[in-house]
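Participant: Sequence first, then the predicted structure:
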Amino acid sequence: MKRDIRDLFKEEDDLKTLPENHRTAFAEKLKKQSKPKQNLYGWLSAAAILIIALTIGFNVMEMEAKPETHSPSPIVAQVEAVEAEYLANIETEWQNFIAITDDDILVERFRKKLKNLDADYQGISMQFKSDANNVLVIEALIENLQTRLQILKDIQKHIKILNQTNEHNEKSI
């Protein structure tokens, strides 16, 4: 039973045209499939900012209720603890990056980027020391640290991909 495929399409009128809403249906399906996945660092940074903001809020309310004292603020201690943790992670990632790569130009380029971010951080840190209760300054401090850490992690992922590609190409030859 041989049939010409063109005859099948002539018989099927519904195959000749697409439904009217096919573009919107396709766009909706595409949106559902391409929802970005949130990574762990996003949740951690959001949690850290929330904790710091709540702490600042409670401390501000507490300071309004009590007469002014000259003891060091617990906010400063908490921010310094977060800062120390991020700086330790940044240093660890930088050392890993230097150990992985052989490209001195790449190392120098990212060293300059990190140096610029560090200079910005020092300026923000001076603002924090003068106004420790400003949430925007605290958020800027944390964002700067997160940016530096994320740059290093992205560099490492890129180098690992390049190394895997090079190993695969060497095996292929």
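Facilitator: All right, it came through fine.

Participant: where does the protein dip in pLDDT?
Facilitator: 1, 8-19, 34-44, 65-73, 166, 169-173 (pLDDT under 70).

Participant: biggest helix in it by residues?
Facilitator: Looking across the chain with DSSP state H, the single longest helix is helix 135-172.

Participant: Now do it: which elements does it pack against?
Facilitator: When contacts are defined as 3 or more Cβ pairs under 8 Å, 6 or more residues apart in numbering; DSSP states H and E, helix 135-172 packs onto helix 40-65, helix 74-100, helix 104-130. For every residue, glycine as well, the C-beta is placed using N, CA and C.

Participant: Settle this for me: Pro74 is touching Thr55, isn't it.
Facilitator: Yes: using Cβ atoms under 8 Å, Pro74 is in contact with Thr55, at 7.1 Å.

Participant: These two: which is more packed in?
Facilitator: Regarding Pro74 and Thr55, a neighbour count based on other Cβ atoms under 10 Å identifies Thr55 as having more, with 16 against 13.

Participant: Who are the contact partners of the more buried one?
Facilitator: Pro74, Ile75, Gln78 (Cβ atoms under 8 Å, 6 or more residues apart in numbering).

Participant: now those in a markdown table, with distance to Glu139?
Facilitator: Shown next, in a markdown table, are the contacts of Thr55 (distance: Cβ to Cβ, whole Å):
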| residue | distance to Glu139 |
| --- | --- |
| Pro74 | 18 |
| Ile75 | 13 |
| Gln78 | 14 |
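
Participant: What is the nearest of those residues to Tyr86?
Facilitator: Distance ranking of the contacts of Thr55 against Tyr86, using Cβ to Cβ, places Gln78 first at 12.8 Å.

Participant: does the closest one really touch Ile52, like I thought?
Facilitator: Yes: contact criterion Cβ under 8 Å: Gln78 and Ile52 qualify, at 6.5 Å.
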